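K.L.:
next come a sequence and a model predicted from it.
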Amino acid sequence: MDMRDNIGLITPERKEAKGSFLTKPDEVKSWVSNLPITNIGETSRQVFKTLVKFNRIEMPGATRLKVAEMFRQPADYLTANLRKYYFDVVFPLAAKNRKIAVLNRELFSELAIAYKIFLETAANQRRDQKLIVIAIHRAMRNLYQVIYQSAVIYDPHPEDTWREIHRLYALSEQSNFQDLPVKDNDENQTPSTISKLYREILLFSISAPHRIRQREIEQVYKLLPEWSEYISLEMPEGLTDRKNLFITHLWSDTPPSHIGLHDKEPSQRCRQFDTTALIEMLQESFSEIEDTESAKESHLGQQVSLGLARHLLVSFTEAPQREFVRTRLNFELKVAVGINAIHALLSVPDVIEQPESEEREQPSTASSSTDWLEETHHVGNPEYKDAFFTLTGQEFTLSDEQVPLLSETPSPQPIAESHHLNDSPAWMSHQEELPNIFTCTTINESAGGYCINWTGGDTPHIKIGEVIGVQSASNRKLFSIGVSRWMRNTPGNGMQLGVAMMAPSSAPAYVRIKGSDHSRECGLLLPELKASELPASLILATLPFRVGHVLLLDEGMGEQEVRLTRLLDSSGAFARFQFVYLEDKEAKSEEQTEESDFDNIWSML
């Protein structure tokens with residue numbers, strides 16, 4: 001049974017364990033050095049089960065802190081090797097892959113418990129100030145990992161995670177420890193502080209990770225140590241109309257929120273932080289990354305896209321606001337995912353739905369079965385309060401050949417539609433090779449889009465920023481076009497997807513860059529929206545197209561030259577460009593030249 005200690009932290013009950021090697025740091029050190037690290041499945045089993053046991057036995061506080069430090073390196077090693085089962089993949093996750101993601105999150109939750117127990121005993125005894133500062137920082141660091149690991153699989157954070165982060169910071173502030181340096185055992189890392197770490201966590205939360213892709217979440221996470229220097233925590237000044245002000249409540253279980261969302265004056269248990277200096281830096285860097293060369297020295301980093309930069313500027317500036325009123329409606333939508341799938345369905349005279357496609361194959365987890373997850377009282381116990389962590393009824397298996405992924409190199413990922421094409425023989429008819437159309441249920445809708453319940457065996461796998469085609473109920477050849485803007489996984493209730501609509505109709509097209517040897521690629525033409533003053537636009541793959549390129553555009557009536565003039569929107573899956581027809585301009589110019597050329601009428605006069 002878990003209990004709250006006298007400083008407001010949740011820790012498990014502990015019993016005497018005479019003779020346990022966990023009470024002897026030298027033996028623990030030897031155990032860590034002999035872990036079978038080439039067998040990730042066995043290593044993860046040993047580390048997790050031992051850490052759970054460690055947190056449920058009594059021992060002196062100094063011993064606990066020494067042993068807890070020895071678990072940090074194995075935990076980081078396992079994260080580096082397990083992440084490939086749930087990172088940079090499409091959603092929803094397969095059951096085994098999701099289970100591995102939850103295991104990784106629980107590993108950090110258990111590691112945080114070790115430091116919380118030390119702080120509980122330190123509160124009752126006079127402990128070295130330095131050890132208390134280290135324990136607070138380590139506990140917060142691991143709880144931050146719990147939030148991060150939840151974000152990368154679009155899960156809600158576990159209950160009480162924010163409450164404990166706030167309490168740990170409040171404890172440090174009360175003792176005036178928040179600005180004392182803490183070394184994180186990384187030779188290349190400058191010392192951190194409790195205050196700096198807390199600011200990183202706050203910024204990560206307001207960056208709205210559920211609205212960006214996994215690699216973008218990781219990019220933001222890595223940039224926050226630098227960005228946290230641009231904000232500072234202050235006592236609240238009351239309700240104000242300041243645009244860039246956020247409030248965090250130290251006695252709550254909620255993340256920080258914009259001042260515009262508060263209707264009551266913040267209490268003295270709140271802290272405020274202003275993002276103005278950070279936004280000014282980002283705006284400067286935003287203009288820099290429009291130029292490829294200067295992007296290399298930008299504060300946003302070489303890999304940050306314009307789309308992510310825009311997202312961060314909005315997230316750090318304004319309170320989330322709905323442009324349109326949502327209406328709760330439950331009805332079915334027929335959708336297609338991805339440029340190629342929508343293009344194929346628009347290009348044929350008759351749309352024929354195919355049988356249910358198989359799920360995207362994710363990294364295999366089938367070798368030797370392990371059932372150790374169900375044996376722990378922490379995971380799989382029906383009395384465990386966070387029921388959505390339960391891993392009962394699943395198998396956790398990993399290949400013995402798994403090797404460290406400590407230096408993963410980003411690689412191009414196939415867009416989602418490729419997972420829904422049937423693997424039919426080449427001699428089969430074109431119609432039989434059509435992508436599937438999937439049926440989803442709406443939760444609510446507005447003039448600007450839908451909230452969709454993205455569940456069931458017929459659900460296509462997807463990422464944030466994917467192009468979505470919504471088929472008309474009355475015309476099977478008419479698809480309105482939207483984009484997946486946010487994703488939230490609710491354990492037990494499936495995944496919710498937010499779709500923002502871009503155009504009420506679309507037309508298929510083929511494009512290729514003039515003068516290049518690239519083969520032609522699929523594109524979608526979106527009509528001009530006069531009411532919104534939006535010009536006609538073209539949706540293409542993100543590569544290799546750029547503003548300024550002259551393309552040969554085939555709408556079914558032969559190729560025409562067009563120039564891409566402006567990037568309207570982009571994600572990891574598509575880029576939306578404004579364009580102009582070059583031939584129209586030239587024809588108009590020739591018309592004007594002929595009208596102003598009077599040489600051919602002199603003889604008539």
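P.N.:
It's in. Numbers count the residues shown, from 1 in each chain.

K.L.:
for the protein, where's the lowest mean pLDDT among helices and strands?
P.N.:
Across the helices and strands of the chain, mean confidence by mean pLDDT, DSSP states H and E is lowest for helix 292-295: a mean of 42.

K.L.:
ranges for the helices of this protein?
P.N.:
Assigned by DSSP state H, the helices in the chain fall at 25-33, 40-54, 61-82, 95-124, 129-151, 161-174, 194-206, 214-227, 276-288, 292-295, 306-315, 339-346, 372-375, 582-595.

K.L.:
helices or strands up against the fifth one?
P.N.:
It stands for helix 129-151. Counting contacts by 3 or more C-beta pairs under 8 Å, 6 or more residues apart in numbering; DSSP states H and E, helix 129-151 packs against helix 61-82, helix 95-124, helix 161-174, helix 194-206, helix 214-227. The C-beta positions use only the backbone N, C-alpha and C, and glycine is treated the same way.

K.L.:
now do the second one
P.N.:
Packed against helix 40-54 by the contact rule (3+ C-beta pairs under 8 Å, 6+ apart) you find helix 61-82, helix 95-124, helix 372-375.

K.L.:
could I get those helices as a markdown table with distance to N444?
P.N.:
Shown next, in a markdown table, are the helices and strands packed on helix 40-54 (distance: least, C-beta to C-beta, whole Å):
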| stretch | distance to N444 |
| --- | --- |
| helix 61-82 | 36 |
| helix 95-124 | 26 |
| helix 372-375 | 37 |
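
K.L.:
for H518, find the nearest of the ones you listed.
P.N.:
Nearest to H518, of all those, is helix 95-124, at 34.6 Å by C-beta to C-beta.

K.L.:
next up, the contacts around the closest residue to K196 other than its chain neighbours.
P.N.:
The shortest distance from K196 to any non-neighbouring residue, by C-beta to C-beta, 6 or more residues apart in numbering, is to S228 (5.4 Å). Counting by C-beta atoms under 8 Å, 6 or more residues apart in numbering, S228 touches K196, R199, E200, L203.

K.L.:
quick one: the helices and strands packed on helix 129-151 as a markdown table, columns for mean neighbour count and mean pLDDT too.
P.N.:
Formatted as a markdown table, the helices and strands packed on helix 129-151 follow (neighbours: other C-beta atoms under 10 Å; pLDDT from 0 to 100):
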| stretch | mean neighbour count | mean pLDDT |
| --- | --- | --- |
| helix 61-82 | 18 | 96 |
| helix 95-124 | 22 | 94 |
| helix 161-174 | 21 | 97 |
| helix 194-206 | 23 | 98 |
| helix 214-227 | 19 | 96 |
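
K.L.:
same list (those helices) but as JSON lines, adding distance to L551.
P.N.:
JSON lines is the format used below for those (distance: least, C-beta to C-beta, whole Å):
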{"stretch": "helix 61-82", "distance to L551": "42"}
{"stretch": "helix 95-124", "distance to L551": "39"}
{"stretch": "helix 161-174", "distance to L551": "49"}
{"stretch": "helix 194-206", "distance to L551": "39"}
{"stretch": "helix 214-227", "distance to L551": "27"}
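
K.L.:
G456: which of the ones you listed is closest?
P.N.:
That would be helix 95-124 among the helices and strands packed on helix 129-151, by C-beta to C-beta, at 13.9 Å.

K.L.:
so the closest one versus helix 161-174, what angle?
P.N.:
30 degrees (axes from the mean of the first three to the mean of the last three C-alpha atoms, to 10 degrees).

K.L.:
how far is stretch 226-244 from where the chain is centred?
P.N.:
25 Å (C-alpha atoms, centre = their mean, to the nearest Å).

K.L.:
now stretch 108-128
P.N.:
31 Å.

K.L.:
also stretch 78-96?
P.N.:
Using C-alpha atoms, centre = their mean, the offset of stretch 78-96 from its chain centre is 13 Å.

K.L.:
next: stretch 502-516.
P.N.:
Remark: stretch 502-516 is offset 28 Å from the chain centroid, using C-alpha atoms, centre = their mean.

K.L.:
buried set for that stretch?
P.N.:
Neighbour counts over stretch 502-516 (16 or more other C-beta atoms under 10 Å) mark M502, A503, S506, P508, A509, Y510, V511, R512, I513 as buried.

K.L.:
contact partners for L239?
P.N.:
Neighbour list for L239: I259, H262, K264, E265, P266 [criterion: C-beta under 8 Å, 6+ apart].

K.L.:
turn these into TSV, including pLDDT, distance to R488 and neighbour count.
P.N.:
Shown next, in TSV, are the contacts of L239 (pLDDT from 0 to 100; distance: C-beta to C-beta, whole Å; neighbours: other C-beta atoms under 10 Å):
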residue	pLDDT	distance to R488	neighbour count
I259	92	24	21
H262	88	23	18
K264	89	27	6
E265	91	31	11
P266	92	27	20
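
K.L.:
and these as TSV, adding distance to P181?
P.N.:
Compiled in TSV, the contacts of L239 are given as follows (distance: C-beta to C-beta, whole Å):
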residue	distance to P181
I259	31
H262	33
K264	37
E265	35
P266	30
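
K.L.:
restricted to strands, list those.
P.N.:
Applying DSSP state E to the contacts of L239, no entry is found in strands.

K.L.:
what is the nearest of the residues you listed to K130?
P.N.:
When the contacts of L239 are compared against K130 (criterion: C-beta to C-beta), the nearest one is P266, at 32.9 Å.

K.L.:
separation between the closest one and I437?
P.N.:
P266 sits 49 Å away from I437, going by C-beta to C-beta, to the nearest Å.

K.L.:
coming back round to it: and the pLDDT at the residue nearest to K196?
P.N.:
S228 is assigned 97 on the pLDDT scale.

K.L.:
repeat that for V483.
P.N.:
97.

K.L.:
that one contacts S571, correct?
P.N.:
Yes: counting by C-beta atoms under 8 Å, S571 is a contact partner of V483 at 6.9 Å.
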